[in-house]
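coordinates only, no sequence provided:
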């Protein structure tokens, strides 16, 4: 569709927004949980999930870029991606915390390292799920909406990303530290 007709596929969501939004949320939460649980494979599954998803997004970005569709593509991705992508990165980080406990327990017995880093991973997951729910609503209803101009979508993504970064930088520290 992109290569042959020079069109993006986002219009396929229109008319089925609630279904698309819930499917997007379920898929993204599944990816996040798998990336986190993948830490129990000494990080091998987490690494695979992070690499596969990064390569997939990169391949799509290259395709749309070569087809002259980068601006509308990123206008679609950025509003929800400002929350979704950091959430997936955090899920990968949670998975690597579990992997650290298994591969590099340090001064701790592995079971104690799993308790310590597992608690940190769970805390990350608690924050990831709401981000992915919000991102799924945005991706299902806002991002594909042709009535919303691309500059508004870019501005929305920028505001969401700045808000998320401000939240991360608020100065609170984990009680585990």
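Perfect, I can see it now. Given the structure is predicted, the values throughout are model-derived calculations rather than measurements. Numbering: from 1, shown residues only.

residue ranges with poor pLDDT in the chain?
1-14, 172-177 (pLDDT under 70).

what is the lengthiest helix in it packed up against?
When the chain is scanned for its longest helix (criterion: DSSP state H), the result is helix 70-103. Here helix 70-103 touches helix 17-37, helix 44-66, helix 110-137, helix 150-168, going by 3 or more Cβ pairs under 8 Å, 6 or more residues apart in numbering; DSSP states H and E. In this view, the C-beta of every residue, glycine as well, is placed from N, C-alpha and C.

figure out which of those is closest to residue 75.
Across the helices and strands packed on helix 70-103, residue 75 has its closest neighbour in helix 150-168 (3.7 Å, Cβ to Cβ).

compute the inter-axis angle for the closest one and helix 110-137.
Angle, helix 150-168 to helix 110-137, by axes from the mean of the first three to the mean of the last three Cα atoms, to 10 degrees: 150 degrees.

helix 150-168: which residues count as buried?
Residues of helix 150-168 classed as buried by neighbour count (16 or more other Cβ atoms under 10 Å): 153, 156-157, 160-161.

switch the residues you listed over to a markdown table; also include distance to residue 43.
Listed next are these as a markdown table, based on distance: Cβ to Cβ, whole Å:
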| residue | distance to residue 43 |
| --- | --- |
| 153 | 35 |
| 156 | 34 |
| 157 | 30 |
| 160 | 29 |
| 161 | 27 |
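
and which of those is nearest residue 44?
Proximity of the buried residues of helix 150-168 to residue 44 (Cβ to Cβ) peaks at residue 161, which lies at 30.3 Å.

now do the contacts for the closest one.
Residues near residue 161 by Cβ atoms under 8 Å, 6 or more residues apart in numbering: 82, 86.

try it again at 7 Å.
If a contact means Cβ atoms under 7 Å, 6 or more residues apart in numbering, then residue 161 has residue 82 as its contacts.

same question, residue 163
Listed by Cβ under 7 Å, 6+ apart, the contact set of residue 163 is empty.

and the longest helix of the chain, what's buried?
72-102.

and if you look at stretch 129-141?
Buried, per 16+ other Cβ under 10 Å, within stretch 129-141: 129, 131-141.

then stretch 55-73?
For stretch 55-73, by 16+ other Cβ under 10 Å, it's 64, 67, 69, 72-73.

hmm, back to that, of all the buried residues of helix 150-168, which comes closest to residue 107?
Using Cβ to Cβ, the buried residues of helix 150-168 come closest to residue 107 at residue 161, 37.3 Å.

gap between that closest one and residue 56?
Per Cβ to Cβ, to the nearest Å, residue 161 is found 21 Å from residue 56.
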